[in-house]
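1. How does the following fold in three dimensions:
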Amino acid sequence: MRKTLTIPLLAALVALTSPSTAAPSGEVFHIPFNTQSGIPATMRDPYIEIDPDGSVTIYQGFFKNFGANGNQIGGSMFYRIQDADPDTGWQSTALGFHSGDPGGNQFWKADIDLSATGLDADNDDIIEYYVLVDFDDSGPDPDDTYIHGG
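-> Below you'll find the predicted structure:
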């Protein structure tokens, strides 16, 4: 049975850095309902009608600008079922490179295997997630940057 599940994450960009000595945050983005050239569907795929026995893929974009904006080297996605067993807590999975071109956007992705989360199709379970983007420490690279809903 397919059920529409709520996965809150609005397009927001927040960098957690020390204001006096920090490099700028990365030019990263995640707009769940948005399509982009370089990814097969929306930045959260599927966007709705998520099968609790299937998976969901989260795409994160980085505007590389021919390297002037830095060099993303990876990252992590953290997720949990809201109001689930408190012993379960946040889970994480690594971002993997998906596609990109040197002058434009790069896309990284992570998959959540929903069958392993205990997601309940009979409830209105909410999956919460945020992304940590890792950058190289050389050159003009920004500090590691978090993307989350606000």
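2. and Ile127, what helix or strand is that in?
-> strand 127-135 (DSSP states H and E).
3. For the chain, which segments count as strands?
-> 28-29, 44-45, 55-63, 72-81, 91-94, 96-100, 105-113, 127-135, 145-147 (DSSP state E).
4. Dump the ones you listed into a markdown table; add mean neighbour count, distance to Ser37 and mean pLDDT as well.
-> Any C-beta I mention is one placed from the backbone N, CA and C, and that applies to glycine too. Listed next are these as a markdown table, based on neighbours: other Cβ atoms under 10 Å; distance: least, Cβ to Cβ, whole Å; pLDDT from 0 to 100:
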| stretch | mean neighbour count | distance to Ser37 | mean pLDDT |
| --- | --- | --- | --- |
| strand 28-29 | 22 | 14 | 92 |
| strand 44-45 | 20 | 15 | 93 |
| strand 55-63 | 21 | 10 | 93 |
| strand 72-81 | 19 | 18 | 92 |
| strand 91-94 | 13 | 24 | 94 |
| strand 96-100 | 14 | 9 | 95 |
| strand 105-113 | 19 | 8 | 94 |
| strand 127-135 | 22 | 20 | 92 |
| strand 145-147 | 24 | 20 | 90 |
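5. which one of those lies closest to Leu119?
-> Smallest distance to Leu119 across the strands of the chain (Cβ to Cβ): 6.1 Å, for strand 72-81.
6. and the strands of the chain as TSV, adding distance to Gln36?
-> Shown next, in TSV, are the strands of the chain (distance: least, Cβ to Cβ, whole Å):
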stretch	distance to Gln36
strand 28-29	9
strand 44-45	11
strand 55-63	6
strand 72-81	15
strand 91-94	21
strand 96-100	10
strand 105-113	7
strand 127-135	15
strand 145-147	15
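7. Can you tell me the closest non-neighbouring residue to the residue most central in space within the chain?
-> Nearest residue to the geometric centre of the chain (Cα atoms, centre = their mean): Val131, 4.3 Å. Distance criterion Cβ to Cβ, 6 or more residues apart in numbering; nearest residue to Val131, sequence neighbours excluded, is Ile147 at 4.4 Å.
8. ok, the one you found touching His30?
-> Yes. Taking contacts as Cβ atoms under 8 Å, Ile147 lies within contact range of His30: 5.0 Å.
9. Between the two, which contacts overlap?
-> Jointly contacting Ile147 and His30 under the rule Cβ atoms under 8 Å, 6 or more residues apart in numbering are Gln60, Val131.
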